[in-house]
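Engineer: what follows is a protein structure lacking sequence information:
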Ligand code: SF4
């Protein structure tokens, strides 16, 4: 049996940057993090052992003034900065620059169109409702943005009004393209349905879409699938709270049905029989990969556990 770790797996640039910021700031004294710094329980635990304390929004309102709070890569809505300022809390802003840029674009779009009273615009975010990044994006529009996850939810939009579509950074490119096609089709049907005059043609023209998906994630799908195909058995290491891990795991599974989701090295024992059966084939290749929130050290521990077998 040979065992290898996918070189394209592991923390993306934004998560690495936030974790480095936390480690650096911990050496200057006590530090809180608003929400899990990364959707990986093992990494959260490692940083908590170094002194990082994870808090929620209620805690933010009761922390002592001058406390230092790190904002993770997902970003935050303006209200978080406002509360911190009111309470004299020091913010260590580790928002990923890619997310920050997206927040700025959405805010600029909102500011440019919020007073269009004749045809009130709709800012639409293709994303997961309640996800931390999406909450931060909605906040740029005074929470007026509509969040949709798929084409089944298009009835929530008014096609007689302008639509400005953006995407959460970790969504799939294919899903975004499907959504764009579906909106274009609904806009066309609206104009052709006899609702012409001012609303018809205007409505058809006024659809702007911005593919704001982070290529750090999108490019991983093809690489992960190649890796999964090149191995007999694949262990995908990810946190159960990570939506990115679930999406990437399913892509691996599509490429190789012998792909298994695990969150810790101990879970390898649940799959021992599958490995032993494969071991009878003289050159069984076992691959280990993970999400953008999976630390390399965890994948290395999984490798060590596999090698014991
Ligand atoms: S996935 Fe992209 S946008 Fe999200 S934190 Fe990582 S680098 Fe930033």
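Structural biologist: That came through fine. All values reported here derive from a predicted model rather than from experimental measurement.
Engineer: contacts for the lengthiest helix in the chain?
Structural biologist: Scanning the chain for the helix with the most residues, using DSSP state H, yields helix 173-192. Applying C-beta atoms under 8 Å, 6 or more residues apart in numbering, the contact partners of helix 173-192 are 126, 148, 150-151, 154, 157, 159-160, 163, 165, 167, 200-201, 203-204, 207, 209, 211, 213, 218. (C-beta placed from N, C-alpha, C; glycine too.)
Engineer: stretch 147-159 too?
Structural biologist: Contact with stretch 147-159 is made by 122, 124-129, 134, 138, 146, 163, 175, 178-179, 182-183, 186-187, 189-190, 203, as judged by C-beta under 8 Å, 6+ apart.
Engineer: at 7 Å instead, please
Structural biologist: The contact list for stretch 147-159 (C-beta atoms under 7 Å, 6 or more residues apart in numbering) reads 122, 124-129, 134, 138, 146, 163, 178-179, 182-183, 186-187, 190, 203.
Engineer: again, but for stretch 275-290
Structural biologist: So stretch 275-290 is contacted by 1-6, 9-10, 224, 227-228, 231-238, 252, 299, 302-303, 306, 309 (C-beta under 7 Å, 6+ apart).
Engineer: in helices only, show me these.
Structural biologist: 224, 227, 228, 252, 299, 302, 303, 306.
Engineer: what sits against the last one?
Structural biologist: Each residue near residue 306 by C-beta under 7 Å, 6+ apart is listed here: 3, 268, 286.
Engineer: kindly recompute the last result at 10 Å.
Structural biologist: Neighbour list for residue 306: 1, 3, 233, 235, 265, 268, 271, 272, 275, 286, 288 [criterion: C-beta atoms under 10 Å, 6 or more residues apart in numbering].
Engineer: quick one, helices of the stretch 151-300 of the chain?
Structural biologist: For the stretch 151-300 of the chain, helices defined by DSSP state H, counting those that start in this stretch occupy the ranges 173-192, 199-205, 215-229, 243-255, 272-279, 296-308.
Engineer: deepest in the core, which of those helices is it.
Structural biologist: Most buried of the helices of the stretch 151-300 of the chain by mean neighbour count (mean count of other C-beta atoms under 10 Å) is helix 243-255; its value is a mean of 19.
Engineer: which non-adjacent residue is nearest the residue in the chain that the ligand sits nearest to?
Structural biologist: Distance from the ligand to each residue of the chain (C-beta to the nearest ligand atom) is smallest for residue 14, at 2.5 Å. For residue 14, ignoring the flanking residues on the chain, the nearest one in space by C-beta to C-beta, 6 or more residues apart in numbering is residue 96 at 2.9 Å.
Engineer: pretty sure the one you found is touching residue 76, no?
Structural biologist: No. Using C-beta atoms under 10 Å, residue 96 is not in contact with residue 76, being 11.7 Å away.
Engineer: give me the common contacts of these two.
Structural biologist: The contact sets of residue 96 and residue 76 overlap at residue 133 (C-beta under 10 Å, 6+ apart).
Engineer: relative to residue 218, how far out is the residue nearest the centre of the chain?
Structural biologist: In the chain, the C-alpha nearest the mean C-alpha coordinate belongs to residue 170, at 4.1 Å (C-alpha atoms, centre = their mean). Computed as C-beta to C-beta, to the nearest Å, the residue 170 to residue 218 distance reads 9 Å.
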